[in-house]
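# Provide a 3D model corresponding to the input given below.
(2 chains)
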Amino acid sequence: DVKVTQSSRYLVKRTGEKVFLECVQDMDHENMFWYRQDPGLGLRLIYFSYDVKMKEKGDIPEGYSVSREKKERFSLILESASTNQTSMYLCASSLDRAWNSPLHFGNGTRLTVT
Amino acid sequence: AQTVTQSQPEMSVQEAETVTLSCTYDTSESNYYLFWYKQPPSRQMILVIRQEAYKQQNATENRFSVNFQKAAKSFSLKISDSQLGDTAMYFCAFSNQGGKLIFGQGTELSVKP
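Coordinates of the predicted model:
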């Protein structure tokens, strides 16, 4: 089975801090994604990556950046955390760009910014 | 832009009964994939079922089946013989070329003993 591991399940940070959320997958998947999950809004795509060192903006990239230096690792960076970034963050990977390629998710990181 | 709408924020069903979760979507694409994902209280999201738009036959996975109405842009999930372990948040999702998924708002399903 594909394993997608997010480094933290719970994280509490202060406003203005730089925050790193790490995600690692172990199945040599090409694609990796960062979603944000909020009640009543579902999952919204922040950034995604189809290959090492490649990144593309999703629907809500403002306030975030990403890094993919190795194929298995995809990091989400909050340059200066704000309270409106308090949310559940989900990392996912998929095999390739085929439209039927299902996503495999990590357990999520619940980030609180105070 | 493609959108996915789940109009039922919460639903409940008695154990062993059948429940249907609704999903509608909007797209101008002719071929695409639709998915239902389940997120139990433990939080890891898992794939329940998927359907290719070109296939007229509705997908089935054990107790889970879909009713895909392409003209109406509707993709509902039917859960038969509901079990306590089906209690979860369910998300409908749409994918076209590129493998990027667009999700609905989610429906929280409670199965009651």
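# so what strands line up beside the helix or strand of chain B with the lowest mean pLDDT?
Least confident helix or strand, chain B: strand B:101-103 with a mean of 91, by mean pLDDT, DSSP states H and E. In the sheet, strand B:101-103 lines up against strand B:88-95 (antiparallel) (DSSP bridges).
# do a quick rundown of the strands in chain A.
A:4-6, A:10-13, A:19-21, A:23-25, A:31-38, A:42-49, A:56-57, A:64-70, A:73-78, A:87-94, A:104-105, A:109-113 (DSSP state E).
# in a markdown table: these, plus mean pLDDT and distance to residue B:57.
C-beta coordinates here come from the backbone N, C-alpha and C atoms, glycine included. A markdown table is the format used below for the strands of chain A (pLDDT from 0 to 100; distance: least, CB to CB, whole Å):
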| stretch | mean pLDDT | distance to residue B:57 |
| --- | --- | --- |
| strand A:4-6 | 95 | 31 |
| strand A:10-13 | 96 | 43 |
| strand A:19-21 | 97 | 40 |
| strand A:23-25 | 97 | 32 |
| strand A:31-38 | 95 | 28 |
| strand A:42-49 | 94 | 28 |
| strand A:56-57 | 93 | 34 |
| strand A:64-70 | 96 | 38 |
| strand A:73-78 | 97 | 36 |
| strand A:87-94 | 95 | 24 |
| strand A:104-105 | 94 | 26 |
| strand A:109-113 | 97 | 39 |
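# redo those strands as JSON lines? Include mean neighbour count and distance to chain B.
Below are the strands of chain A laid out as JSON lines (neighbours: other CB atoms under 10 Å in any protein chain shown; distance: least, CB to the nearest CB, whole Å):
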{"stretch": "strand A:4-6", "mean neighbour count": "19", "distance to chain B": "9"}
{"stretch": "strand A:10-13", "mean neighbour count": "13", "distance to chain B": "11"}
{"stretch": "strand A:19-21", "mean neighbour count": "18", "distance to chain B": "15"}
{"stretch": "strand A:23-25", "mean neighbour count": "22", "distance to chain B": "13"}
{"stretch": "strand A:31-38", "mean neighbour count": "22", "distance to chain B": "6"}
{"stretch": "strand A:42-49", "mean neighbour count": "22", "distance to chain B": "4"}
{"stretch": "strand A:56-57", "mean neighbour count": "14", "distance to chain B": "9"}
{"stretch": "strand A:64-70", "mean neighbour count": "16", "distance to chain B": "15"}
{"stretch": "strand A:73-78", "mean neighbour count": "20", "distance to chain B": "14"}
{"stretch": "strand A:87-94", "mean neighbour count": "24", "distance to chain B": "6"}
{"stretch": "strand A:104-105", "mean neighbour count": "22", "distance to chain B": "4"}
{"stretch": "strand A:109-113", "mean neighbour count": "18", "distance to chain B": "9"}
